[in-house]
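1. The sequence and its predicted three-dimensional model are supplied below.
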Amino acid sequence: MEKDNKFVQEIADMTEDFPRWYTDVILKTELVDYGPVKGTMVIRPYGYEIWEHIQEALNKRFKETGHKNAYFPMFIPLSYLMKEAEHVEGFAPEVALVTHVGNTELEEKLVVRPTSETIICDMYSKWVQSYRDLPLLINQWANVVRWEKTTRPFLRTSEFLWQEGHTLHTTEEEARGEALKMLEVYREFMRNVLAIEVLTGIKTEKEKFAGAVETYSMEAMMLDGKSLQSGTTHFLGKNFASAFEIKYLDRDGQIKNPYQTSWGVSTRLIGALIMAHGDQRGLKLPPRVAPVQVVVIPVAAHKAGVTEKATEVADTLRKAGLRVELDDRDQSVGWKFNEWEMKGAPLRLEIGPRDIENGVAAYSRRDTHEKGTIKLADLAAEVPALLDDIHETMYRQSHDFLHSHVTVCHDMKEFNAALDNKNFVKAMWCGCRECEDAIKAETAASARVMPFDQTPVGDKCVYCGKPATKTVYFAKSY
RNA sequence: CGGGGUGUGGCGCAGCUUGGUAGCGCACAUGGUUUGGGACCAUGGGGUCGGAAGUUCGAAUCUUCUCACCCCGACCA
């Protein structure tokens, strides 16, 4: 059915122009639109529902780890931001500042939160008196504003939605453990909900969060070989606690500052799943966050009994707890097939006269394009199992893709070759800032994470050739 | 902020060199025929060409200025 190709909705060739492909897909599938203010995005219902499923899955996990949700104000007095030296330096260039209300100039300028450590610390200093108040485990869902120079929907926008956890602990071990635990929560979430494989580890000094002692990160690999920092957790030490005078009286009668963590993931995750799973036909959504898990398409709907049977099938699946859409719009079936593939629905069921005669529904998987039939009587049991299989297959694909695109490199020649092949580079590094900066300047790749498993992959720094002790993943990134 | 590019119905584009007051595809609307991989026919609605000034009898087209957006670099979840 080539026709003249003139009715085909074109999506850019992802192998040739990945950024364009990304933009085409998110706009054409009605995930987002551009906002009127440069760098902002409108998340449309189809995209927002993905976010809701992400929120639901994370909230469930936060509850299990003892965290409570709360909400703090969006406006933060500028003076708060100034209290932690590294923090100001890191965020000052990109904060939006409120200076006026109407025509009146404000006595104290307000920043629109780029992150909430400072205002939350201010409140924590009032709430914490005793070691009995600790640990304090709070999360908030909010929007934050960071006026970045270049933006792209989901990946980097001037305003974005996220979740930020902020905790206080009596001991360093407990706080560091919390940061590591939440990183593991994120990793498990990526594995079991978004079906994305990630590398986890520690950020270098250069790349860590402004104000943190240590930053842990998970990095996902996009289909063009770039890395996307998909979530971070921070061990903040006492940096903020002392700056904001959060103090408690310990059992030993001493007044102490607690140890602190913060951690977050954002709507960037939606960008991650688009760029980690998509293909030439468009989105490929993992079933556990897909707004429409199963689309039911009546074939030859004008024939007697077809619409009725399709409706019945959709109802059966809804009762089985699935998110189902019956697409009975007045379009050709081919058009609908293509549309739902582009929109990433994991599973399509077709109900036509032939199927009804045979007592089956025809299915087509979005992940493998495999087709088959399921007996109508078995739908409620088999479709959920099929969705689980799609999830596992998608994770497997993500896992294999990442690990087959990591190259161990010992010198810059290998390094550059690996980057050209869209691989992550695993290499040794001497640990000095000069080499890290030089590598970034020359190759546009940055040190993404130092894996927890520091098994050496050589003995010399990939850049300067001096003895090296750190194993690092380098990659170009979003 | 440095380098490159683009602005013409909702979207994608043609027209510009050789000025003569807009055209195509998609989308949209109505009617009909269709429907197992992006259907077809007919009819119809919608733009004054990013903005301003200038040249000219006449400007989407030429000149100058300006604005906006996009891509590549420096900054970042």
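-> Right, received. Where do you want to start?

2. So for stretch A:369-387, mean pLDDT?
-> Per-residue pLDDT over stretch A:369-387 has a mean of 97.

3. Tell me the buried residues in that stretch?
-> By 16 or more other C-beta atoms under 10 Å, the buried positions in stretch A:369-387 come out as A:374, A:376, A:379, A:383, A:384, A:386, A:387. Backbone N, C-alpha and C define where each C-beta goes, glycine included.

4. Can you tell me which of those end up in helices?
-> Residues of the buried residues of stretch A:369-387 located in helices (DSSP state H): A:379, A:383, A:384, A:386, A:387.

5. For RNA strand B, state which of those is nearest.
-> Closest to RNA strand B out of these is residue A:379 (14.4 Å), distances taken as C-beta to the nearest atom of the strand.

6. ok, now how distant is that closest one from residue A:228?
-> Separation of residue A:379 from residue A:228 (C-beta to C-beta, to the nearest Å): 37 Å.

7. What count of nearby residues applies to residue A:88?
-> Residue A:88 has 18 neighbours, counted by other C-beta atoms under 10 Å.

8. Let me see the contact set for it.
-> Taking C-beta atoms under 8 Å, 6 or more residues apart in numbering, we find residue A:88 in contact with A:81, A:82.

9. Show me how far the strand or helix carrying it is from its chain's centre.
-> Residue A:88 is located in helix A:85-91, with elements delineated by DSSP states H and E. Between the centre of helix A:85-91 and the centre of its chain there are 24 Å (C-alpha atoms, centre = their mean, to the nearest Å).

10. Please see if it touches RNA strand B.
-> Yes. Interface with RNA strand B: helix A:85-91 contributes residue A:90 (C-beta under 7 Å from any atom of the strand).

11. quick one: the helix or strand just after that helix to chain centroid distance?
-> Going down the chain from helix A:85-91, the next helix or strand is strand A:97-101, by DSSP H and E. When C-alpha coordinates are averaged (C-alpha atoms, centre = their mean), strand A:97-101 and its chain have centres 32 Å apart.

12. and what of stretch A:276-294?
-> 14 Å.

13. and the closest residue in space to residue A:255 that isn't next to it in sequence, how far is that from residue A:129?
-> Nearest residue to residue A:255, sequence neighbours excluded (C-beta to C-beta, 6 or more residues apart in numbering): residue A:247, at 5.2 Å. To residue A:129, residue A:247 is 8 Å away according to C-beta to C-beta.

14. out of those two, which sits in the busier spot?
-> A direct count of neighbours by other C-beta under 10 Å for residue A:247 and residue A:129 places residue A:247 higher, at 15 against 10.

15. Ends of stretch A:417-427, what's the gap?
-> 13 Å (C-alpha to C-alpha, to the nearest Å).

16. Next, count neighbours for the residue in the stretch 201-350 of chain A that RNA strand B sits nearest to.
-> The nearest approach of the stretch 201-350 of chain A to RNA strand B comes at residue A:334, 2.4 Å away (C-beta to the nearest atom of the strand). Neighbour count for residue A:334, taken as other C-beta under 10 Å: 9.

17. which residues in the stretch 51-200 of chain A form strands?
-> For the stretch 51-200 of chain A, the strands defined by DSSP state E, counting those that start in this stretch cover A:68-69, A:75-77, A:97-101, A:104-112, A:136-145, A:159-169, A:198-202.

18. mind checking which of those is nearest RNA strand B?
-> With C-beta to the nearest atom of the strand as the measure, strand A:159-169 is the member of the strands of the stretch 51-200 of chain A nearest RNA strand B (3.8 Å).
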